[in-house]
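Asker: Starting from these lines, generate the structure:
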Amino acid sequence: MQNKTEITISYDRGIHTRVAAMIVQKASELEERFGCRIYIKRIDQALLVPCSSVIPLVGMKLKQGEQVELLSNGVQGARAIMELGAFMEGRGAVDLDAVDNIIQKNTLTSETIFESIENGLVVVDAQGDIIIFNEAAAQMTGLAKDQAIGAQADALMPQLNLASTLAHGTERRGIKEKINDNWVILDKTPVLVEGKNAGAVAVLQDISQIEALSWELSSVKELEGKLISILEAVYDGICLVNEDNRITYANAAFAAIVKKPISQLTEQPLAIVFDGEKIPGTLFETGGETMLTNPDGREFMLDVRPISVDGSSRGSAIVARELTEITKLAAAVEELSAKTDYLQNELAKRQDLDASFETIIGKSGILMEALSVASKAAKTDATVLIRGESGTGKELVARAIHNAGSRKNKPFVGVNCAAIPADLLEAELFGYEKGAFTGAVRTKPGKFELADGGTVFLDEIGDMDKAMQAKLLRVLQEKEVERVGGLGPIKIDVRVIAATNAPLEKLMKTQDFRQDLYYRLNVISVILPPLKQRKGDLPLLIEAFVDKICMRYQLPKKRVSKAALQCLERYDFPGNVRELENIIEGAITLSADEWIGPWDLPAYVDKDGENVPDPRGSSLNIGDKIPTFEEMERELIARALEKYKSFRKAGEALKLDHKTVSAKAKKYGLRQ
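Answerer: So this is what the prediction gives:
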């Protein structure tokens, strides 16, 4: 600069906005008159600030008593800075209207700048009320400007936490927050005026797109990793070549086929890798297959697939197979196909099951097959015969068939044919009229009438006598019953589900079961497997029974140890699932620990005869010696009292009344 002069800032509060506007008004006038530009700078700094702009002047934060230099260019510049210096030191006459116009112009300019920037801008005063809220902030926060201006910032947007900035006067940058489903980077800066907090500024940078791009990049990397893993896992040799047919990637299978390490394949021409065999160039343009023979006599099949990106060639993907491996691959495919068919069939069985069958615990294939038949039977009103050993859950399946069918909102009436004497079974099933026999003091409907519209479950049908079988056959054929002592038939609409563990086919040969009734009942046969054929379901069944029994007795949750589970897996369970539940109930009742061990199981459970010692020193585990009944009784009473601390609770656990437990405790000297 040609011209410069030094002056001292004499304004009481330094160069604030209004003073800056005055200087700008005067400087603009002088620049126009003398045809020059006027600048101001601190003496010890090189930064030049134009005197014709308010914001840079205010930004210098010049205080009273500071020395500055005024500089200008041009021939008349010296006169311009002299007059401006005299004006600033003497505070010469000011055109206040012009000053106000400058302030207004700069304010409008600032507002325009605020509105044009892409970052959200929120400015609050010392009380935390919003005074500036630009359009970008409105879009990021979802708040209208008229809703935000004048409101408490932290009340509208707690994530900003500008109260902390106002309270502590500290700047914080790079805070990641989620506002109105938008991810933003938040910078918070206090506004300091003469060393005091006059407000705060929050700048919000929307990074939602960056987050999305970051996620996309992560997804691409993940996809790349998955693709590489897949390429490395397949049996086929795969390589990628660039536009010059040089290898850029080869998997381990490809390296094994060509019998060269991967390090020697990268960047090598494909033709050299195959010992000079000529590969038709058209394959890299159109794709296709070709046969190659190496000098050692090995034959290869190459499948070439061009890679195109946006219509531009990016090389080719090549699948190489040694023809000697094709037979092995075909066998492997056939095996996989068979496995797939099996798994699809198993999955179909599970998907076909109605929700009513979820109460039946187990996932073994043989059980799923039986339940699949039962589920299909539930969709019809056909008579169902459930076969299976005692304790396999025949009644559970019968109820599931009923609940899965169209009669689920009607009665389900069960009858155990083996538990009712033969001379009373007819009256129980078909009902009787008042006075039909001695003791018939009132008319009573039978089970078939009670189940009208619903389902009758005839359990242990194989134990029904021949005379009763004939009457049941008539009911099934005619769809009507006649009460004992009744005057006429009564029409009924019931579905019949029968169950038995008896060998009906043998009973028919001995003429103990009617053949015509068998065929009438055996429309759909559901055969439930014994537990010994579905040992894989043991953990599921045990867990369910433990939960059920602990809840029933309000006991803490117990667990079955691995050793105890192994004992149970060796046992054949002649009583099936019902026996398993009883064993678990007994073990939970007797166990004083969280874990149920082998010593808590009945002695007969350990099929291999292994003697598992009880770490608690129980007198029931005494090797080959068989304890007396009194020894066993005393042990059980002692354990129950030790665990439950009262005669009543111990009696409930042992299924004895509290008086009996008290007397036994007194007998064995167990009373305190």
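
Asker: going forward, measure contacts and count neighbours with C-alpha atoms only.
Answerer: Fine.

Asker: So what's the residue count around D452?
Answerer: 18 (other C-alpha atoms under 10 Å).

Asker: Could you measure from it over to Y11?
Answerer: For D452, the distance to Y11 equals 106 Å [C-alpha to C-alpha, to the nearest Å].

Asker: now do A502
Answerer: According to C-alpha to C-alpha, A502 stands 115 Å off from Y11.

Asker: Then F545?
Answerer: Counting by C-alpha to C-alpha - F545 and Y11 are separated by 90 Å.

Asker: can you list contacts of stretch 405-414?
Answerer: 378-380, 399, 402-403, 447, 450-459 (C-alpha atoms under 8 Å, 6 or more residues apart in numbering).

Asker: buried subset of the residues you listed?
Answerer: Buried residues within the contacts of stretch 405-414, counting neighbours by 16 or more other C-alpha atoms under 10 Å: 378, 399, 402-403, 447, 450-459.

Asker: closest to I179 among those residues?
Answerer: Closest approach to I179 among the buried ones among the contacts of stretch 405-414 (C-alpha to C-alpha): N403, at 50.4 Å.

Asker: wait, what's in contact with that closest one?
Answerer: Contacts for N403 (C-alpha under 8 Å, 6+ apart) come out as S356, N409.

Asker: ranges for the helices of the stretch 101-250 of the chain?
Answerer: 135-141, 145-148, 153-156, 162-168, 208-233 (DSSP state H, counting those that start in this stretch).

Asker: actually the stretch 251-400 of the chain, not the one I typed
Answerer: Counting by DSSP H, counting those that start in this stretch, residue ranges of the helices within the stretch 251-400 of the chain are 252-258, 270-273, 283-286, 323-352, 365-378, 394-404.

Asker: Can you tell me which of those helices has the worst average pLDDT?
Answerer: By mean pLDDT, the lowest-scoring of the helices of the stretch 251-400 of the chain turns out to be helix 323-352, with a mean of 60.

Asker: any idea how far A155 is from L336?
Answerer: Taking C-alpha to C-alpha, one finds A155 at 63 Å from L336.

Asker: Residues touching stretch 32-42, excluding its own?
Answerer: 27, 31, 47-52, 67-74, 76-77, 79-81.

Asker: what mean pLDDT does that stretch have?
Answerer: Here stretch 32-42 scores 90 as its mean pLDDT.

Asker: Alpha carbons only: can I get it in CSV?
Answerer: The C-alpha trace of stretch 32-42 is given here as CSV (Å, rounded to 0.1, in the frame of the first residue of the first chain):
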residue,chain,number,x,y,z
GLU,A,32,-16.2,7.2,-3.9
ARG,A,33,-14.8,10.8,-3.6
PHE,A,34,-11.1,9.9,-3.9
GLY,A,35,-11.4,6.8,-6.1
CYS,A,36,-9.5,4.5,-3.8
ARG,A,37,-9.9,1.6,-1.4
ILE,A,38,-9.3,2.0,2.4
TYR,A,39,-8.2,-0.8,4.7
ILE,A,40,-7.6,-1.1,8.4
LYS,A,41,-5.2,-3.5,10.3
ARG,A,42,-3.7,-4.0,13.6
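
Asker: is it true that A653 touches T589?
Answerer: Yes. Contact criterion C-alpha atoms under 8 Å: A653 and T589 qualify, at 6.1 Å.

Asker: Give the residues shared as contacts by these two.
Answerer: A640.

Asker: Compare the two (neighbour count), which wins?
Answerer: Remark: of A653 and T589, T589 carries more neighbours, 23 against 19, as counted by other C-alpha under 10 Å.

Asker: That one looks like it's in a helix, true?
Answerer: Yes. Remark: T589 belongs to a helix, assigned using DSSP: H, G, I helix; E, B strand; the rest coil.

Asker: tell me the contacts of A377?
Answerer: V384, I401, I524.

Asker: Any chance of the residues you listed in TSV with neighbour count and distance to T266 as columns?
Answerer: TSV is the format used below for the contacts of A377 (neighbours: other C-alpha atoms under 10 Å; distance: C-alpha to C-alpha, whole Å):
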residue	neighbour count	distance to T266
V384	24	68
I401	28	65
I524	18	66
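
Asker: Can you tell me which of those is closest to M464?
Answerer: Distance to M464 across those (C-alpha to C-alpha) is lowest for V384, with 17.0 Å.

Asker: Pull up the per-residue confidence for that closest one.
Answerer: The model's pLDDT for V384 equals 95.

Asker: Could you check how far it is from A499?
Answerer: According to C-alpha to C-alpha, V384 and A499 sit 8 Å apart.
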